[in-house]
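A.B. asks: Structure, please.
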Amino acid sequence: MDGRLMDSGPLDVFGQMALDEALAQSQPPDFCLRFYKWQGIGATFGYAQRFREVAETLPDGAGQRVTRRLTGGGVVPHVDDLTFSCVFPLPGPWRPAPLYSRLHAAILTGLRDKLRLEAWLCERGGRAAPSNAQGVAMQCFAEPVAQDIMGPTGKILGGAIRRLGDTILYQGSLQLPSARGNPEMAGAIAGGLAQEWPLRFQAQSFASAILESARRLAGKYRDSAWIQRR
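C.D. replies: Okay, the predicted model is just below:
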């Protein structure tokens with residue numbers, strides 16, 4: 001399979017979510033990998049989470065730069081993380097858990113081989129529920145689930161998956177000091193994915209039709225009707 005390394009330029013949290021959805025809706029025939037470039041900080045939370053629970057747990061400084069993701073999972077602060085997404089075709093029957101495991105095993109291989117990072121897959125963890133029994137919104141990096149990537153200090157990488165038709169959207173976050181500004185981190189992730197699928201990544205810009213679709217979708221991600229839909 002061919003691989004596209006997509007470059008979008010800096011975007012805020014609403015633009016990031018919109019561009020991922022627009023790309024997934026376009027149903028690209030190839031594996032697309034995009035590392036976010038950020039305009040300011042922000043936070044995202046899972047599709048099924050309740051906003052009133054999320055609002056109590058948002059990171060300091062996020063302000064109004066918060067939105068609901070199309071994918072599941074918990075609250076993710078985007079302060080200095082390396083955020084990325086994968087969009088690729090997957091027709092036919094599928095199950096999320098094995099795909100999540102395959103993606104994270106590939107990324108782990110890249111982090112270990114290229115950076116000699118001490119890391120491993122979480123063998124057992126809590127269930128990926130929107131909130132706990134006390135009604136507190138799940139914090140993605142405080143509550144690891146099976147097949148998340150762990151390090152000596154705790155969970156360092158998590159993600160969430162959604163399928164739109166025959167197209168997979170995976171959104172991931174690597175939370176390590178200086179990860180966002182370190183091109184070797186991005187290279188390790190890309191290398192691990194390229195080895196597993198296998199892929200040959202080529203840099204590519206977004207088609208104008210996808211960018212226009214993303215501009216329209218950004219309004220949805222800013223809209224309180226979407227953010228507070230639950």
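A.B. asks: rest of the way, CA atoms for contacts and neighbours
C.D. replies: Noted.
A.B. asks: In this structure, spot the helix with the most residues.
C.D. replies: helix 96-115 (DSSP state H).
A.B. asks: what's downstream of that one, the next helix or strand?
C.D. replies: Using DSSP states H and E, the next helix or strand after helix 96-115 towards the C-terminus is strand 120-121.
A.B. asks: Give me the sheet partners of that following strand and which way each runs.
C.D. replies: Sheet pairing of strand 120-121 (DSSP bridges) gives strand 149-151 (antiparallel).
A.B. asks: Can you give me the buried ones in the partner strand?
C.D. replies: Neighbour-count burial for strand 149-151 flags 149, 150 (criterion: 16 or more other Cα atoms under 10 Å).
A.B. asks: Now tell me what touches that strand from outside.
C.D. replies: Here strand 149-151 makes contact (Cα atoms under 8 Å, 6 or more residues apart in numbering) with 104, 108, 118, 119, 120, 121, 122, 155, 156, 157, 158.
A.B. asks: Repeat the analysis, applying 6 Å as the threshold.
C.D. replies: The contact list for strand 149-151 (Cα atoms under 6 Å, 6 or more residues apart in numbering) reads 119, 120, 121, 155, 156, 157.
A.B. asks: tell me the phi and psi of the first one?
C.D. replies: For residue 119, the backbone dihedrals are phi -160, psi 160 (criterion: degrees, to the nearest 10).
A.B. asks: Now do the contacts for it.
C.D. replies: Taking Cα under 6 Å, 6+ apart, one finds 150, 151 in contact with residue 119.
A.B. asks: Other residues contacting the lengthiest strand in the chain?
C.D. replies: Longest strand of the chain, by residue count under DSSP state E: strand 154-164. Residues from elsewhere that reach strand 154-164, judged by Cα under 6 Å, 6+ apart: 71-73, 141, 148-150, 168-175.
A.B. asks: If you count neighbours, what's buried in the helix or strand bottoming out on mean pLDDT in the chain?
C.D. replies: Within the chain, no helix or strand scores below helix 51-54, which has a mean of 90 by mean pLDDT, DSSP states H and E. For helix 51-54, the buried set under the neighbour-count rule, 16+ other Cα under 10 Å, comprises 51, 53, 54.
A.B. asks: same thing with stretch 39-54?
C.D. replies: Quick answer for stretch 39-54 (16+ other Cα under 10 Å): 41-51, 53-54.
A.B. asks: Please report how far the residue most central in space within the chain lies from residue 84.
C.D. replies: The chain has residue 171 as the residue nearest its centroid, 1.9 Å off, counting by Cα atoms, centre = their mean. For residue 171, the distance to residue 84 (Cα to Cα, to the nearest Å) stands at 6 Å.
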